[in-house]
Structures are given as structure tokens and as C-alpha cells.
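Chemist: here is my input; please provide its structure:
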Amino acid sequence: MAIVAGRLGFSPEKSAGLLTAAKMKHAAVVTRSFRGVEVTAVVTGGIEVNGGRAGDPASYFQENGNIEMISGTINTLLLIGAHLPAYAMTKAVMTATEAKAAALQELMAQSKYSSGIATGSGTDGIAVIADTTHEKRLTDAGKHSKLGELIGIVVKEATTTALRRQSELSAESQADCMVRLNRFGVKEDDLWVFATRLDGENRKPVFFRSLQQVARDPAILAGVTAIIHIMDEISWGLLPETAGRNTARIYLKGIPEMCGLIPDEELHSLLQNEDPVKELLQKTLAWIIKRRIPV
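Modeler: Predicted coordinates for the structure are as follows:
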């Protein structure tokens with residue numbers, strides 16, 4: 001980076017830069033303004049490889065300056081058309097970071113290192129640039145200030161756009177039960193294994209075709225996301241496991257009816273077990289997929 005700065009005619013000691021493997025053609029630029037103060041966010045993003053949640057298991061231990069770079073980074077350039085003292089610029093970093101995490105939460109972006117929702121990647125970077133010559137001097141960039149609001153808006157929108165362009169992460173891509181369940185380690189083959197234990201003929205190609213239709217069914221997706229939220233709240237310690245499992249059973253019994261199926265004794269029997277919620281959900285989906293296969 002020092003060499004690049006020198007080639008551009010800048011002093012490396014007085015230059016800052018960000019590194020990413022994301023393509024610059026996928027960068028998103030969003031601007032908002034209020035009473036002469038303009039805020040712009042330039043974001044490049046990709047978390048398909050190393051998206052993570054704060055507190056996840058680490059990927060490396062730095063020793064003797066050696067670090068292995070992993071492809072996948074959300075970099076943010078925040079340009080503020082006002083004069084900000086250093087402490088306000090630090091606050092801008094905090095607000096922008098929260099906005100990035102909020103964008104990922106609203107996309108239900110998965111961590112690659114746990115079953116949690118990602119809050120960023122392990123190599124994210126941010127640079128804040130303020131105009132020290134500007135007539136307006138702002139001293140707060142927190143969420144209560146108008147500047148903080150503008151920062152939140154531009155960073156969220158730019159992050160969402162950049163992730164759609166670079167990683168194809170969007171509301172549309174997330175409208176799939178298997179995509180939502182991926183962060184819990186649930187794969188299509190897992191559902192097939194459960195399905196082979198159920199009544200009816202076992203034909204894998206036909207089962208997988210039915211699975212693809214079921215996974216994109218909006219009614220089923222709505223039910224599955226409700227169960228997933230119960231699983232999250234259990235893992236966060238907000239719900240007792242027994243209470244969460246009992247409530248999940250009620251929802252799971254109702255999901256088949258959402259797609260025109262009538263629960264039978266086999267499904268009732270599957271849901272009577274004291275299995276973890278994740279396993280009950282997989283069994284229910286396997287049952288639905290099999291029942292949706294054309295005769």
C-alpha cells in the first residue's frame with residue numbers, strides 16, 4: 001500500500017487505504033443531504049466467504065506479523081460535507097458500523113463460523129473523511145443527531161446494494177428455506193435422510209425437485225422463519241428450550257395447512273419426540289416435501 005501511495009504521488013506516512021478482493025465495479029455510492037450538509041457512503045462488499053458475527057470463533061492468531069487474508073470484505077468510505085472534530089469522526093465510525101450490522105441483520109446474512117447472523121466480515125475496513133474547511137462544524141454523529149441519521153441511511157443502503165452486486169445477497173436470494181437453514185448446517189441431503197424414514201416411495205431426484213418448490217413457497221418460508229427465530233432466541237438465552245420447543249411444535253403442525261396439506265398420524269408422531277427444534281423442523285419439512293410430490 002505504501003508503494004501504491006507513492007506511485008500516486010502521496011506520502012505513505014500521511015495516507016490511508018483499504019484492501020479488498022471485491023470488484024470495484026460493484027461499488028455502491030449513496031448520498032443524502034440536509035441543510036447544506038452532504039453525506040456520501042461508498043461501499044464495496046462481499047461476505048460469502050468470511051462473513052461473521054462479533055464473538056464468533058476466531059480464524060487465526062496473529063504472530064510475527066503474519067496474517068492470511070481471506071476473500072470477503074465490506075469496506076466503507078464515508079464522506080462528510082462538514083467540519084468534524086476527531087471525537088465526532090470516531091462517533092461516525094461507530095454509527096456507520098452499527099448501520100452496516102443493521103443492513104446485514106435485515107438481510108439475515110449468515111455467519112460462516114457459527115449459527116448466528118453476521119455483523120460484518122473479519123476483514124472489514126472504514127475510512128471517514130470530513131471537510132475541515134466547511135463552514136458548518138458538527139460535534140455529534142450519534143444516532144440522535146441528524147448527521148447520525150444521514151450516516152445510517154447512506155451506509156445501510158450502500159451496504160445492501162454492494163452486497164447484492166458482489167455477493168448476490170438480497171431479499172430475493174434469501175427467500176428460500178434452505179438458504180435460511182444453511183447457517184444451522186442444514187443441507188438438502190439431511191432432509192433426504194429424514195425423508196427415507198417416512199412412508200411412501202423414495203425417489204431422490206423427484207424428492208429434490210419437490211424440495212426446490214417447497215423451499216421457495218412463501219407460506220412455508222414464513223412458517224420456517226418463525227421457527228428459526230425461536231431457535232435463535234433459545235441460543236441467545238431469551239427463551240427456555242422447553243418452552244421454545246413446545247411453541248415450535250404448534251407452529252410446525254400449522255405449516256402443512258398453510259400449503260394445503262392435512263397433518264396425519266405420522267407427522268403427529270414425529271412431533272411428539274423431545275428432539276431439538278432444528279431436528280423437528282427438518283422432519284416436518286421432509287414430511288411436507290414428500291407429500292407435495294405429485295402422485
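Chemist: walk me through the domains of this protein.
Modeler: Here the domain assignment for the chain is 13-167, 177-291, based on automatic domain parsing.
Chemist: show the subsequent helix or strand relative to the lowest-mean-pLDDT helix or strand in the chain.
Modeler: Lowest on mean pLDDT, DSSP states H and E among the helices and strands of the chain sits strand 51-52, with a mean of 78. Remark: after strand 51-52, the chain's next helix or strand is strand 75-80, criterion DSSP states H and E.
Chemist: off-centre distance for that following strand?
Modeler: In terms of C-alpha atoms, centre = their mean, to the nearest Å, the centre of strand 75-80 is found 21 Å from the chain centre.
Chemist: sorry, back to before: what is the least confident helix or strand of the chain packed up against?
Modeler: Strand 51-52 is packed against strand 120-121, with contacts defined by 3 or more C-beta pairs under 8 Å, 6 or more residues apart in numbering; DSSP states H and E. Just so you know, the C-beta spots here come from the backbone N, C-alpha and C atoms, and that holds for glycine as well.
Chemist: for the strand it packs on, packing partners?
Modeler: Judged by 3+ C-beta pairs under 8 Å, 6+ apart, strand 120-121 is in contact with strand 51-52, helix 86-106.
Chemist: what's the least confident stretch among those?
Modeler: Note on those: strand 51-52 shows the lowest mean pLDDT, a mean of 78.
Chemist: parallel or antiparallel, list what pairs with it.
Modeler: Next to strand 51-52 in the sheet, as set by DSSP bridges, lie strand 120-121 (antiparallel).
Chemist: run the chain-centre distance for the partner strand.
Modeler: For strand 120-121, the distance to the chain centre is 9 Å (C-alpha atoms, centre = their mean).
Chemist: output the domains of the chain in JSON lines; the columns should cover mean neighbour count and distance to residue 3.
Modeler: Putting the domains of the chain into JSON lines (neighbours: other C-beta atoms under 10 Å; distance: least, C-beta to C-beta, whole Å) gives the following:
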{"stretch": "domain 13-167", "mean neighbour count": "18", "distance to residue 3": "11"}
{"stretch": "domain 177-291", "mean neighbour count": "17", "distance to residue 3": "39"}
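Chemist: least reliable of those going by mean pLDDT?
Modeler: domain 13-167 has the lowest average pLDDT among these, namely a mean of 90.
Chemist: ends of that domain, what's the gap?
Modeler: Start to finish, the residues bounding domain 13-167 are 34 Å apart (C-alpha to C-alpha, to the nearest Å).
Chemist: all the helices of this structure, residue numbers only.
Modeler: For the chain, helices defined by DSSP state H occupy the ranges 2-7, 86-106, 146-167, 177-181, 188-195, 204-215, 218-235, 241-258, 265-270, 277-291.
Chemist: looking at those, which is nearest to residue 39?
Modeler: Closest of the helices of the chain to residue 39 is helix 146-167, at 4.2 Å (criterion: C-beta to C-beta).
Chemist: angle of the closest one against helix 86-106?
Modeler: Taking axes from the mean of the first three to the mean of the last three C-alpha atoms, to 10 degrees, one finds that helix 146-167 is oriented at 50 degrees with respect to helix 86-106.
Chemist: next, the angle strand 75-80 makes with helix 146-167.
Modeler: Using the same axes, to 10 degrees: helix 146-167 against strand 75-80 is 150 degrees.
Chemist: same for helix 146-167, what does it pack against?
Modeler: Counting contacts by 3+ C-beta pairs under 8 Å, 6+ apart, helix 146-167 is packed against strand 28-34, strand 37-44, strand 75-80, helix 86-106.
Chemist: so which of the helices of the chain is nearest residue 115?
Modeler: Here helix 218-235 is closest among the helices of the chain (C-beta to C-beta), at 6.7 Å.
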